[in-house]
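1. fold the stuff below for me.
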Amino acid sequence: MNVGRLCACIFVVVTLSLPALGMSNGPSAINSNDELTVKYGCSCHNNGAVSDRAVVMISGVPLMYDTSQQYTLTIRVADSLTLSGGDGNTQAGFLLSSDSEGNFSWVDSEDIRYAEGRSDDVSHSEPDIDGTWELNWMAPSEDVGSVQFWLAGNSVDGGGIPDDMDYWNILSFSVNPPGTITTNESGATLETRTISVGSYDSLFLLEVSEEQIEQDRQDRISKRVFSQGNLFYWTSLLALIVGAVVQKEILERKYDDGPEFLATELAYPQAFRRSLISVISFYLGVGWASAENPITFQDVDFTDFATGSAFFVSVWAAYGVYRTILAARSKPDVKDIM
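-> Have a look, this model is predicted:
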């Protein structure tokens, strides 16, 4: 019994630590909102908000495909600040889909894999330092009409966690079916093009002074330290609390000890109050976690903190109900009777 409780507590601690691990081996095909990531975006990086600061480009895209023809595509994902010469993000990842029309292939040296949960889509397998990947798309063996592509790109700061210093964007385009376009121009003009997404200012007009670049760098460092420091602090505190509770439970069973006797007329109201607190806190936590509007104070997002606190209070109150039950079932001592 004690080993089972200990394993359960360790599982809880490990589970709560999972958000610290970003999806560096490629994103899941389905985001936390049960939507296709490649079409609706990421729900964790940059608080789930799309950003024009992320520049997503793909070259070698044909205007019109020929059946069973292979096309070489080059994907580039970058931080516009980095492109302008500033100290921006240098690592990136992507997710590409053709809605199962045609097939993707690549050489072994490319850090590419089939997407988790959607085997016809492809994504990065490791964050790329230069944010560039090359792969092949084999067009369908028959005319299936226009082929729609979606490309999601994520420019990350390399902190190991999905935070507001990561920027993602989505690019959507289509390739026309065979025989729909005729031209007297060269085949290269007809076959290839480069498509990109990102604001015009981000792509071409971004001019940043040395002072602004340094200020941005300092802001990035301070935000990263604050974000990661908070994560490690609260995770460590939670681990200490859980460890202390587990130790107390083990020692009580080892020495046949437990909570002091609590009379039934006191136990019932106490258990009811704690149950009510647990239910209300859990309800608030679920509501805040699923709310579209963040909880902010002085332009600081406290949604994660409030949600985590609500769930912690809910679990702690539920544990209090368990302790109340143990106290009511314990044998009274002489002092309790007198």
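
2. which helix or strand contains the residue nearest to Glu110 when sequence neighbours are not counted?
-> Sequence neighbours aside, Trp133 is the residue nearest to Glu110 in space, at 5.7 Å (criterion: Cβ to Cβ, 6 or more residues apart in numbering). (Each C-beta comes from the backbone N, C-alpha and C, glycine too.) Per DSSP states H and E: Trp133 is located in strand 132-138.

3. tell me which strands that strand pairs with, and in which orientation.
-> Strand pairing for strand 132-138, determined by DSSP bridges: strand 70-79 (antiparallel), strand 103-105 (antiparallel).

4. how about the ones you listed, which one is nearest Lys248?
-> strand 70-79 (48.5 Å; Cβ to Cβ).

5. after the longest helix belonging to the chain, which helix or strand is next?
-> Criterion DSSP state H: the longest helix present in the chain is helix 210-254. Per DSSP H and E, the first helix or strand lying C-terminal to helix 210-254 is helix 264-290.

6. so which elements touch whatever helix or strand comes next after the strand holding Trp133?
-> Moving toward the C-terminus from strand 132-138, the next helix or strand (DSSP H and E) is strand 147-156. Contacting strand 147-156 under the criterion 3 or more Cβ pairs under 8 Å, 6 or more residues apart in numbering; DSSP states H and E are the following elements: helix 37-40, strand 54-59, strand 70-79, strand 91-97, strand 167-175.

7. which of the ones you listed sits most buried?
-> Of the helices and strands packed on strand 147-156, the one with the most neighbours on average (mean count of other Cβ atoms under 10 Å) is strand 91-97, at a mean of 26.

8. so what touches that one?
-> 23-24, 26-27, 29, 36-39, 56, 75, 77-79, 104, 115, 118, 120-124, 127-129, 131, 133, 135, 149-158 (Cβ atoms under 8 Å, 6 or more residues apart in numbering).

9. could I have the buried ones of those as ChimeraX selection syntax?
-> Here is the ChimeraX command that picks out the buried ones among the contacts of strand 91-97, judged by 16 or more other Cβ atoms under 10 Å:
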select :23,26,27,29,36,37,38,56,75,77,78,79,104,115,118,121,122,123,124,127,128,131,133,135,149,150,151,152,153,154,155,156,157
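
10. before we move on, what's the pLDDT of Gln212?
-> At Gln212, the model reports a pLDDT of 70.

11. please tell me how far it sits from Leu266.
-> 64 Å (Cβ to Cβ, to the nearest Å).

12. what do you get for Gly198?
-> Gly198 sits 64 Å away from Leu266, going by Cβ to Cβ.

13. so which of those two has more stuff around it?
-> Gly198 (23 against 12; other Cβ atoms under 10 Å).

14. out of everything not next to it in sequence, what's closest to the more buried one?
-> Nearest one to Gly198, counting by Cβ to Cβ, 6+ apart, is Val55 at 3.9 Å.

15. show me the beta-bridge partners of that neighbour.
-> Val55 forms beta bridges with Ala78, as assigned by DSSP bridges.

16. Gln270 contacts Ala263, doesn't it?
-> No - look at Gln270 against Ala263 with Cβ atoms under 8 Å: they stay out of range, at 10.3 Å.

17. the two: who's more crowded?
-> Neighbours per residue, other Cβ under 10 Å: of Gln270 and Ala263, the larger number sits with Gln270, 16 against 11.

18. show me what contacts the closest residue to that one other than its chain neighbours?
-> In this structure, Gln270 finds its nearest non-sequential neighbour in Thr324, 5.1 Å apart by Cβ to Cβ, 6+ apart. Neighbouring residues of Thr324 by Cβ under 8 Å, 6+ apart: Leu262, Ala267, Gln270, Ala271, Arg274.

19. gap between Gly239 and Thr307?
-> Careful, residue 239 is Ala and not Gly. Separation of Ala239 from Thr307 (Cβ to Cβ) stands at 19 Å.

20. just give the number of residues close to Asn295.
-> That one is not Asn; residue 295 is Ile. Neighbours of Ile295 (other Cβ under 10 Å): 14.

21. ok, it - contacts?
-> Listed by Cβ under 8 Å, 6+ apart, the contact partners of Ile295 are Trp288, Asp301, Phe302, Thr303, Ala306.
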